[in-house]
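Visitor: Attaching a predicted model along with its sequence, questions to come.
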Amino acid sequence: MSNMASRPPVIVHVEKPTGIYFSECFAEMRLWLAAHHIRPVDFHLSGGYSSIGLDIAFSNSEEADLFEREFSPTIVALRGC
């Protein structure tokens, strides 16, 4: 039995930019994750009637921070996804 308690995943939320298909954003995220050898714990669609986003769960804060910097609202607004 391990002495270390299991840590909860770190969740990063990314909103889909207006005027871009969600599939384009998702594909860009998957390519980035693969290139950085990061494997998320889980993906969940989130949002409602007026917006859609993705909640991505990571096993550690380092991976979550890297992803969040790359797909922050400011960066996504400037370049798309």
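Guide: Received the coordinates, thanks.

Visitor: Helix or strand next in line after the top helix by length along the chain, which one?
Guide: For the chain, the helix with the greatest residue count under DSSP state H is helix 22-35. Following helix 22-35 in sequence order, the next helix or strand is strand 42-47 (DSSP states H and E).

Visitor: returning to that earlier point: going by contacts, tell me the helices and strands next to the longest helix of the chain.
Guide: Applying 3 or more Cβ pairs under 8 Å, 6 or more residues apart in numbering; DSSP states H and E, one finds that helix 22-35 makes contact with strand 52-58, helix 61-70. (Each C-beta comes from the backbone N, C-alpha and C, glycine too.)

Visitor: Now tell me which of the ones you listed the model trusts least on average.
Guide: Of all the helices and strands packed on helix 22-35, strand 52-58 carries the lowest average pLDDT, namely a mean of 92.

Visitor: For residue 33, which non-adjacent residue is spatially closest?
Guide: Counting by Cβ to Cβ, 6 or more residues apart in numbering, residue 40 is the residue found nearest to residue 33 once chain neighbours are left out, at 6.7 Å.

Visitor: How many neighbouring residues does that neighbour have?
Guide: Using other Cβ atoms under 10 Å, residue 40 is surrounded by 21 other residues.

Visitor: tell me the most buried of the helices and strands packed on helix 22-35?
Guide: Comparing those by mean neighbour count (mean count of other Cβ atoms under 10 Å), strand 52-58 comes out on top with a mean of 18.

Visitor: which ones are touching the residue nearest the centre of the chain?
Guide: The centroid of the chain falls nearest to residue 56 when counting by Cα atoms, centre = their mean (4.3 Å). Residues near residue 56 by Cβ atoms under 8 Å, 6 or more residues apart in numbering: 11-14, 29, 40, 42-43, 67.
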